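Enquirer: structure, please.
(one chain, ligands or ions: 3)
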Amino acid sequence: MAKLTVEDLPLEGKKVLMRVDFNVPIKDGVVGDDNRIVAALPTIKYVIEHGGRAILFSHLGRIKKEEDKPGLSLRPVAERLSNLLNKPVTFVPVTEGKQLEDAINNMNNGDVLLVQNTRYEDVKDGEYVKRESGNDPELGKYWASLGDVFVNDAFGTAHRKHASNVGIATNMPGKAAAGYLMQKEIKFLGDAVDNPERPFVAILGGAKVSDKIGVIDHLLDKADKIIIGGGMAYTFYAAKGIKTGDSLVEKDKIDVAKQILDKAGDKIVLPIDNVVADKFDNDANTKVVEGDIDDGWMALDIGPKSIKEFENVLKDAKTVVWNGPMGVFEKPNFAKGTLEVGKFLGTLADATTIVGGGDSTAAVKQLGVAGKLTHISTGGGASLTYLEGKVLPGIAAISEK
Ligand SMILES: Nc1ncnc2c1ncn2[C@@H]1O[C@H](COP(=O)(O)OP(=O)(O)O)[C@@H](O)[C@H]1O
Ligand SMILES: O=C(OP(=O)(O)O)[C@H](O)COP(=O)(O)O
Ligand SMILES: [Mg+2]
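Expert: Ligands and ions are numbered 1, 2, ... in the order given. This is a model prediction of the structure:
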C-alpha cells in the first residue's frame, strides 16, 4: 500500500483518533465473539506503547430509532477491551459535546478511551437523520477536531463512506494512516483473490440481502460457482417462483435476483431443501422440506440434501471465499448447515479458504472449525466489495505516503 501507516505518524503525546470495527455480537449486555476486538489490539498497543492517547471510534449494529440505542451501547465492548489490554479503558457514553471533550483533555499518554457508538448520531431527537451513515460533513469535521492524527484500522467498515471513517480522514489531510489490521487484510485478500487459483467458488449467505445481492452480479465474472444459502437464498427462491412462506425475502430485490439468475446459467447453486420452523425460535417446531415453503413456516437453515450438494460443488475448489452463515447459527437447532459447510472447508487441504464477516467468523469460531481455514477476515461486506474489484472508500480516504 502506498498509504501512510501508523508507523509513519508522530504518536508521543498526541491525541490519536482511531476508527476500529467493534461491531461484535452482544447478548444480554455481554460481548459474544470478540474476534474483531482482538484483531485491533496490535494497532492499539502500538499507539499506546509509543506514548499516544488512543481515542477509539466504532459503530455497533444499526440505529434507526431512539429505542435502538440502549441495546447498542458500546459499554460492554469497553469492558472486554479493558480485560484484553489488561488496563482501564475510559468509556464515554456520548458521541459529542463537553463530556467527550473533557474526557479527552483529561487523558495521559498511553491512555485508552472509547467513544459511544458512532451510529447514535444517526438518530437525533427521534428523527432518523443519518449524520454518521450519511457522512454529514459537519460531523466528520467535529470528530477530526478532537485529535492530532487519525488511524483507520476498521477493515470491516471500509466499504462504508461514513463520517467516522471517511469524514474524519478527509478532515485530516496528510495525517490519516492505516493500522496493522487494515494492511494485513488488504495484503491477504489481494494475494488470494486478485489471481485466484481455480476453480474459485464463492459462498454467500447471511441476512444483509439488499446490501450484498448486487455483489453477486459482479462475482459472476470472477467466480466459477456461487453457492447461495442462508437468508440470502430465499429472495432467489421468490425470483424462481418457489414459495417462500415466512422466510426472509427482500421483495424489492426479487427483480435483481431474476436478472442475476438469467445471466448466471448454471453458475449459481441454491439450496435444494431447508429446515423450516413455525417461529423464529430455537424451540420452534421444525421439519425439512424440499422446494416450496408453506405459509406459517420460515427457512432458518439449509437441509441435508443442500449440504451434500454444496459439498459436491466445493470438493474440487482451489479457492473458496465465504461470507454469510448458512442459517441462523446463533440458535443451536439451526446451526448445522453452517457447521457442516465450515467443517467441509476444513478438509480441503490444498485449497485457499477464506471466511469473512463479523457473524460468519463468530460462527466458525463458535462451531470450532476456524482453525483449519486459511484466513479469517474481519470484513464480510468489505471483503466482498474488495473482491468485486471496487475501491473501498475507507481505504481511499487514507493519506498517501
Ligand atoms: N435463513 C435465515 N433467516 C434469517 N436470518 C438468517 C438466515 N441465515 C442466516 N441468517 C442470519 O444472518 C446473520 C449474518 O448475516 P451477515 O451480517 O450478512 O453476515 P456476516 O456478518 O458474516 O457478514 C446472522 O445473524 C444469521 O442469524
Ligand atoms: O459487520 C459488518 O459487516 P458484515 O456483517 O458484512 O461482516 C460491518 O461492521 C459493517 O456493518 P454495516 O453493514 O451495518 O455497515
Ligand atoms: Mg454481520
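Enquirer: how much space between the residue in the stretch 51-200 of the chain that ligand 2 sits nearest to and residue 226?
Expert: Distances between the stretch 51-200 of the chain and ligand 2 by CB to the nearest ligand atom are smallest at residue 156, namely 4.3 Å. (Each C-beta comes from the backbone N, C-alpha and C, glycine too.) Distance of residue 156 to residue 226, given as CB to CB, to the nearest Å: 22 Å.
Enquirer: ok, now residue 82?
Expert: For residue 82 relative to residue 226 (CB to CB), the value is 42 Å.
Enquirer: more crowded one of those two?
Expert: A direct count of neighbours by other CB atoms under 10 Å for residue 82 and residue 226 places residue 226 higher, at 23 against 16.
Enquirer: now do the more buried one, the pLDDT please.
Expert: Looking at residue 226, its pLDDT reads 98.
Enquirer: my read: it touches residue 269, true?
Expert: Yes - the pair residue 226 / residue 269 is scored as a contact, 7.0 Å apart, by CB atoms under 8 Å.
Enquirer: do a quick rundown of the helices in this protein.
Expert: Applying DSSP state H to the chain gives helices spanning 35-49, 75-85, 98-105, 137-145, 168-170, 180-193, 209-222, 233-239, 254-264, 304-314, 336-347, 358-366, 381-387, 393-396.
Enquirer: tell me the contacts of the residue of the stretch 51-200 of the chain closest to ligand 2?
Expert: By CB atoms under 8 Å, 6 or more residues apart in numbering, the contact list for residue 156 reads 21, 23, 36, 358, 378-382.
Enquirer: okay, those residues in a markdown table with neighbour count, pLDDT and distance to residue 351 next?
Expert: Shown next, in a markdown table, are these (neighbours: other CB atoms under 10 Å; pLDDT from 0 to 100; distance: CB to CB, whole Å):
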| residue | neighbour count | pLDDT | distance to residue 351 |
| --- | --- | --- | --- |
| 21 | 28 | 98 | 27 |
| 23 | 23 | 98 | 29 |
| 36 | 25 | 97 | 25 |
| 358 | 21 | 94 | 23 |
| 378 | 30 | 97 | 21 |
| 379 | 28 | 97 | 21 |
| 380 | 26 | 96 | 20 |
| 381 | 23 | 96 | 23 |
| 382 | 28 | 97 | 22 |
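Enquirer: including distance to residue 67, could the residues you listed go into a markdown table?
Expert: Shown next, in a markdown table, are the contacts of residue 156 (distance: CB to CB, whole Å):
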| residue | distance to residue 67 |
| --- | --- |
| 21 | 24 |
| 23 | 19 |
| 36 | 25 |
| 358 | 23 |
| 378 | 28 |
| 379 | 28 |
| 380 | 26 |
| 381 | 25 |
| 382 | 28 |
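Enquirer: filter the residues you listed by proximity to ligand 3?
Expert: For ligand 3, the contacts drawn from the contacts of residue 156 by CB under 5 Å from the ion are residue 358.
Enquirer: just the contacts of residue 156 now: which is nearest residue 392?
Expert: residue 382 (6.3 Å; CB to CB).
Enquirer: what residue in the stretch 51-200 of the chain comes nearest to ligand 3?
Expert: Relative to ligand 3, the nearest point of the stretch 51-200 of the chain is residue 156 (8.7 Å; CB to the ion).
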